[in-house]
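J.: Any chance you can model this:
(chains A, B, C and D)
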Protein chains: 2
Amino acid sequence: MAKASRPAKWQRDPEGMRLRILAAAKREFSAYGLAGARVDRIAEEAGANKRMLYYHVGNKEDLYLTVLEGAYEDIRAEERTLDLEHLDPPEAIERLITFTWNYFIRNPEFLALLNTENLERAAHLKRSTKVKSMHSPFVEMIRTVVNRGVERGDFQVAMDPVQLYISIAALCFFYLSNSATLSVIFGRNLLSPEAKDERLAHVVGLVLAALTGKPAAAAGKKKSAKARSLATTTA
Amino acid sequence: MAKASRPAKWQRDPEGMRLRILAAAKREFSAYGLAGARVDRIAEEAGANKRMLYYHVGNKEDLYLTVLEGAYEDIRAEERTLDLEHLDPPEAIERLITFTWNYFIRNPEFLALLNTENLERAAHLKRSTKVKSMHSPFVEMIRTVVNRGVERGDFQVAMDPVQLYISIAALCFFYLSNSATLSVIFGRNLLSPEAKDERLAHVVGLVLAALTGKPAAAAGKKKSAKARSLATTTA
DNA sequence: GTAGTATTTATCCAACGAGTTAAATTCTCG
DNA sequence: CGAGAATTTAACTCGTTGGATAAATACTAC
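T.: The predicted structure is shown next:
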């Protein structure tokens, strides 16, 4: 691939180089974990020399932490574009779930990175001042949405926003992150488009039913192609 | 601490040796993942020579798969001791959730192993005929419980048992498996006894509210010491 | 252009880590 | 007891891997 033009042996591009290194590192770390990742492979994937990693980013651990911080930055950035305050509480929750679901689908590396970091007992994250200062806007969003929902009579109870946030993430994350083993256990492909649609509908139904007390679509009625076509638009 | 008696240099114990090796391997793989695990460390932890691993189990991958299969065997065995059919549907669901939650708390290695295997895209699990034949009894249990709940009017809708099973696992698994990173993000210890009690109450409340349509304890009222004291008893 | 700096390449290496070899020790059974 | 099998030990192999060194090449300012 590389740049086709110019007879010159190569061209300088510090910024591009750095970005390609981080992109390659992200792929590598999410595919193999921290211990399984290979510095040489990252260099090759980035179309760079191994020395460049150390020059532009640092050693393997620096590389890893930078990737991890970037992943959190990315999701936080997208989260901020979602303003749920304007919507009816039930719709806001549905939108939140759909966003979370689709974000995880669009960013499987994020799931893998989180799993890897949890295997490390968040040792690196704890040292990152950067990540600790990036608060998710969702907790406060959820708090106001839930409170409004209770006031308006949409919701039965004022669920703790942190618990709700974790639960929504859990219902999406676990299914997608563990789809490989679950697919073996249940003997069916949980990542087929139909299976994914069914899962999203189930999650939305489950959470909304718990909040509103009304059956909603908890049984898992097919939302068919609608949710899928929205996948790219959300965010 | 090894055997204190006998001046003899050592003593033979093939069965014990194999078990110690597998126990050490389980700790090692769940602590470091497949790539991060060190064969030498497993040997040392098992109070054995490295050669013994190859003699009694096989190479690193064999070791890993054996551990993984054992982990599935263990949980399936405990699952079978739980008969939910005799209970009222809502109680059966609560019991199922409490069991799942406590099993994950008592077996953090299981969570780590599953994460590791999913990072491997279930490559090893797919090759295991043993695991594929170990069906969880829960899916059928849930199906009958849910159906009975609907007939009796306890539940609003006949939720798909597989989705419900996955959701219950998700709500417990994600919280515990990701507690390290989540604790950093939220700036509080999610593994404190109070936090754990609160979480279990939330999960029970959420699922039962969705099924029954009644508020239950969805808001997360403290079950205090009761659930905790039951932790060892369950299963 | 040229001196100085930033960026990139080409090698090297010491440590590590999975797996092997061969010998030693203990057990079993006639 | 003694031969043969099972189990355990110690030492070694050999490819891999993170990281380092030093030289080369491109860019910038003058």
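
J.: So which helix or strand of chain A has the lowest pLDDT on average?
T.: Here the helix or strand of chain A ranked lowest by mean pLDDT, DSSP states H and E is helix A:225-230, holding a mean of 45.

J.: okay, now A:Pro193: neighbour count?
T.: 12 (other CB atoms under 10 Å in any protein chain shown). C-betas here are computed from N, CA, C, even on glycine.

J.: try A:Thr116
T.: Neighbourhood size, A:Thr116 [other CB under 10 Å]: 25.

J.: ok, it - contacts?
T.: Under the criterion of CB atoms under 8 Å, 6 or more residues apart in numbering or on different chains, the contact list for A:Thr116 reads A:Phe29, A:Ser30, A:Gly33, A:Leu34, B:Gly33, B:Leu119.

J.: so the helix or strand hosting it versus helix B:108-119, what angle?
T.: A:Thr116 belongs to helix A:108-119 when assigned by DSSP states H and E. Angle of helix A:108-119 versus helix B:108-119, following axes from the mean of the first three to the mean of the last three CA atoms, to 10 degrees, is 150 degrees.

J.: Report the buried residues of stretch A:135-149.
T.: Within stretch A:135-149, the residues scored as buried using 16 or more other CB atoms under 10 Å in any protein chain shown are A:Ser136, A:Phe138, A:Val139, A:Met141, A:Ile142, A:Arg143, A:Val145, A:Val146, A:Arg148, A:Gly149.

J.: actually stretch A:146-162, sorry about that
T.: A:146, A:148-150, A:154-162.

J.: Just the CA trace of that stretch, in CSV.
T.: The C-alpha trace of stretch A:146-162 is given here as CSV (Å, rounded to 0.1, in the frame of the first residue of the first chain):
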residue,chain,number,x,y,z
VAL,A,146,-35.1,8.8,35.6
ASN,A,147,-36.2,11.5,37.9
ARG,A,148,-38.3,13.1,35.2
GLY,A,149,-39.7,9.8,34.3
VAL,A,150,-40.8,9.2,37.9
GLU,A,151,-42.4,12.7,38.1
ARG,A,152,-44.3,12.2,34.9
GLY,A,153,-45.5,8.8,36.0
ASP,A,154,-43.7,7.0,33.2
PHE,A,155,-41.5,5.1,35.6
GLN,A,156,-42.4,3.2,38.8
VAL,A,157,-39.3,3.7,40.8
ALA,A,158,-36.2,6.0,40.9
MET,A,159,-33.6,3.5,40.0
ASP,A,160,-30.0,4.3,41.0
PRO,A,161,-28.4,5.8,37.9
VAL,A,162,-25.1,4.1,38.4
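
J.: ok, residues contacting that stretch?
T.: A:88-90, A:93, A:139-140, A:142-143, A:164, A:210-213, B:186, B:198, B:202, B:206, B:209, B:215, B:218-220.

J.: measure A:Ser192 to A:Ser183 for me?
T.: To A:Ser183, A:Ser192 is 9 Å away according to CB to CB, to the nearest Å.

J.: ok, the two, which is more surrounded?
T.: Remark: of A:Ser192 and A:Ser183, A:Ser183 carries more neighbours, 19 against 11, as counted by other CB under 10 Å.

J.: That one: which element?
T.: Per DSSP H and E: helix A:179-186 holds A:Ser183.

J.: Please apply the same query to A:Arg12.
T.: Using DSSP H and E, A:Arg12 falls outside every helix and strand.

J.: Enumerate the residues of chain A near DNA strand D.
T.: Within reach of DNA strand D by CB under 7 Å from any atom of the strand, chain A has these residues: A:8-12, A:37-40, A:50-51, A:54, A:59-61.

J.: Looking at these, which are in helices?
T.: A:Val39, A:Asp40, A:Lys50, A:Arg51, A:Tyr54, A:Lys60, A:Glu61 (DSSP state H).

J.: what is the mean pLDDT for stretch A:21-39?
T.: Mean pLDDT, stretch A:21-39: 97.

J.: Do it and chain B come into contact?
T.: Yes: using CB under 8 Å from any CB of the partner chain, stretch A:21-39 reaches chain B at A:Tyr32, A:Gly33, A:Leu34, A:Ala35, A:Gly36.

J.: Name the member of these with the most neighbours.
T.: A:Gly33 (26 neighbours).

J.: Setting aside sequence neighbours, what's the nearest residue to that one?
T.: A:Thr116 (4.8 Å; CB to CB, 6 or more residues apart in numbering or on different chains).

J.: Near DNA strand C, which residues of chain A are found?
T.: By CB under 7 Å from any atom of the strand, the residues of chain A that approach DNA strand C are A:Trp10, A:Arg12, A:Asp13, A:Pro14, A:Met17, A:Ala48, A:Asn49, A:Lys50, A:Arg51, A:Met52, A:Tyr55, A:His56.

J.: Need the buried ones from the residues you listed selected in ChimeraX.
T.: A single ChimeraX command selects the buried members of the residues of chain A next to DNA strand C (16+ other CB under 10 Å):
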select /A:17,48,52,56
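
J.: Which residue, neighbours along the chain excluded, lies closest to A:Leu119?
T.: B:Gly33 (5.6 Å).

J.: Quick check: phi and psi on that neighbour?
T.: Reported as degrees, to the nearest 10, the phi and psi values for B:Gly33 are phi 80, psi 180.

J.: which residues touch it?
T.: Applying CB under 8 Å, 6+ apart, the residues near B:Gly33 are A:Gly33, A:Ala35, A:Gly36, A:Thr116, A:Leu119, B:Ala112, B:Thr116, B:Leu119.

J.: just A:Ala31 next, same as before
T.: Contacts of A:Ala31 were listed using CB under 8 Å, 6+ apart, and they are A:Ala37, A:Ala112.

J.: who touches the helix or strand hosting A:Phe104?
T.: A:Phe104 belongs to helix A:89-106 when assigned by DSSP H and E. Applying CB under 8 Å, 6+ apart, the contact partners of helix A:89-106 are A:75, A:78-79, A:82, A:84-85, A:87, A:110-111, A:138, A:141-142, A:145-146, A:148-149, A:152, A:154-155, A:168-169, A:171-173, A:176-177, A:196, A:200, A:203-204, A:207-208, A:211-212, A:227, A:230-232, A:234-235.

J.: Could you list which of those belong to helices?
T.: Among the contacts of helix A:89-106, the members found in helices (DSSP H) are A:75, A:78-79, A:110-111, A:138, A:141-142, A:145-146, A:148-149, A:152, A:168-169, A:171-173, A:176-177, A:196, A:200, A:203-204, A:207-208, A:211-212, A:227, A:230.

J.: how many other residues sit next to A:Tyr103?
T.: A:Tyr103 has 21 neighbouring residues, counting by other CB under 10 Å.
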